[in-house]
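**Q** give me a model of this one.
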Amino acid sequence: MATISKRRREVSEGYSRLEVHTAEEAVKLLKAGANAKFDETVDLAIKLNIDTKQADQLVRGSFSLPNGTGKSVRVIAFAEGDMAEKAKANGAVEVGGADLVEKIMKGWMEFDIAICHPSMMRFVGKLGKVLGPKGLMPSPKSGTVTDKVETAVSEFCAGKIEFRNDKEGNVHLVVGKASFEDSKLVENVKAAIAHIKSLRPAAVKGDFVTGVTVSSTMGLGYRVAV
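**A** Model (predicted):
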């Protein structure tokens, strides 16, 4: 039987998943319980009042957190010539056109974000069934299909995050690491919530954001006031 650490027991005492906290309180509680032997990732889950079957209510995009995510992100770029060289110089781990598409078709998936120049979509389109289910298909809505490839590569390498709602209407975002200073985590949490709220679809009636929870990889989830 797995044992529960003394610190985890202390953190769990009096815990209620229904209690709502300020962002500052939630971060402090989260960090107190982040006692794994690695630097835990901090995740934000935002519940939205949207009908995911309606295209005009879907929420998707990209956003640069004030203090980054603390995670190393592997970015590739579908580009050629001088643009490919600039993407490589700005941090892309792999660049190419039809050749890179072929490499992925054969099973290579060692990347987290794919940036694509519009001219490359004639090659990249065939990857829809491969990348789509994994949430890796480049899209103009998420800022990953752009004519400013080198800028996008640089931004995503620096911590820009891509997000999309799931079929239940939740948006999940990585907002930092447990080792971050409290103030930096709080700033990231507040900025992420504000950004999602700014994307409210016109068709949504009533409250748009109906719940927010912040948690660490191995820790408890704390509800955050919105």
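
**Q** now do the strands in the chain.
**A** 20-21, 41-48, 60-64, 75-78, 94-96, 113-116, 160-164, 170-177, 209-216, 221-224 (DSSP state E).

**Q** now the closest residue to Ile196 other than its chain neighbours: how far from Asp166?
**A** Residue nearest to Ile196 in three dimensions, not counting chain neighbours: Ile46, with 5.4 Å by C-beta to C-beta, 6 or more residues apart in numbering. C-beta: built from backbone N, CA, C; applies to glycine. Applying C-beta to C-beta, to the nearest Å, the value for Ile46 to Asp166 is 11 Å.

**Q** hmm, back to that, so which of the strands of the chain gets nearest Gly125?
**A** Closest to Gly125 of the strands of the chain is strand 113-116 (C-beta to C-beta; 9.8 Å).

**Q** ok, and for that closest one, which residues are buried?
**A** For strand 113-116, a neighbour-count test (16 or more other C-beta atoms under 10 Å) marks Ile113, Ala114, Ile115, Cys116 as buried.

**Q** any idea which of the strands of the chain is most buried?
**A** Scoring these by mean neighbour count under mean count of other C-beta atoms under 10 Å gives strand 75-78 as the most buried, with a mean of 28.

**Q** need the buried residues of strand 113-116 in TSV with pLDDT and distance to Val149, can you?
**A** Rendered in TSV, the data for the buried residues of strand 113-116 read as follows (pLDDT from 0 to 100; distance: C-beta to C-beta, whole Å):
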residue	pLDDT	distance to Val149
Ile113	95	12
Ala114	97	11
Ile115	97	6
Cys116	97	8
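
**Q** of those residues, closest to Asn170?
**A** Ile113 (20.6 Å).

**Q** show me the contacts for the residue nearest to Leu65 when sequence neighbours are not counted.
**A** Leaving aside its sequence neighbours, Leu65 sits nearest to Asn188 (C-beta to C-beta, 6+ apart; 4.7 Å). By C-beta atoms under 8 Å, 6 or more residues apart in numbering, the contact list for Asn188 reads Leu65, Pro66, Asn67, Val175, Gly176, Phe180.

**Q** tell me where the model's unsure across this structure.
**A** Low-confidence segments of the chain, defined by pLDDT under 70, are located at 1-14.

**Q** list the buried residues in stretch 126-134.
**A** Residues Leu127, Leu131 are the ones in stretch 126-134 that count as buried (16+ other C-beta under 10 Å).

**Q** what sits up against that stretch?
**A** Under C-beta under 8 Å, 6+ apart, the answer for stretch 126-134 is Val101, Ile104, Met105, Met109, Ala114, Met137, Pro138.

**Q** list every C-alpha atom in it, with coordinates, as CSV.
**A** Taking Å, rounded to 0.1, in the frame of the first residue of the first chain, the C-alpha atoms of stretch 126-134 are listed here in CSV:
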residue,chain,number,x,y,z
LYS,A,126,-1.6,15.4,-45.6
LEU,A,127,-0.6,15.3,-41.9
GLY,A,128,-4.1,16.1,-40.7
LYS,A,129,-4.9,12.6,-39.7
VAL,A,130,-1.5,12.2,-38.0
LEU,A,131,-1.2,15.5,-36.2
GLY,A,132,-4.9,16.5,-35.7
PRO,A,133,-5.7,13.9,-33.0
LYS,A,134,-2.6,14.9,-31.1
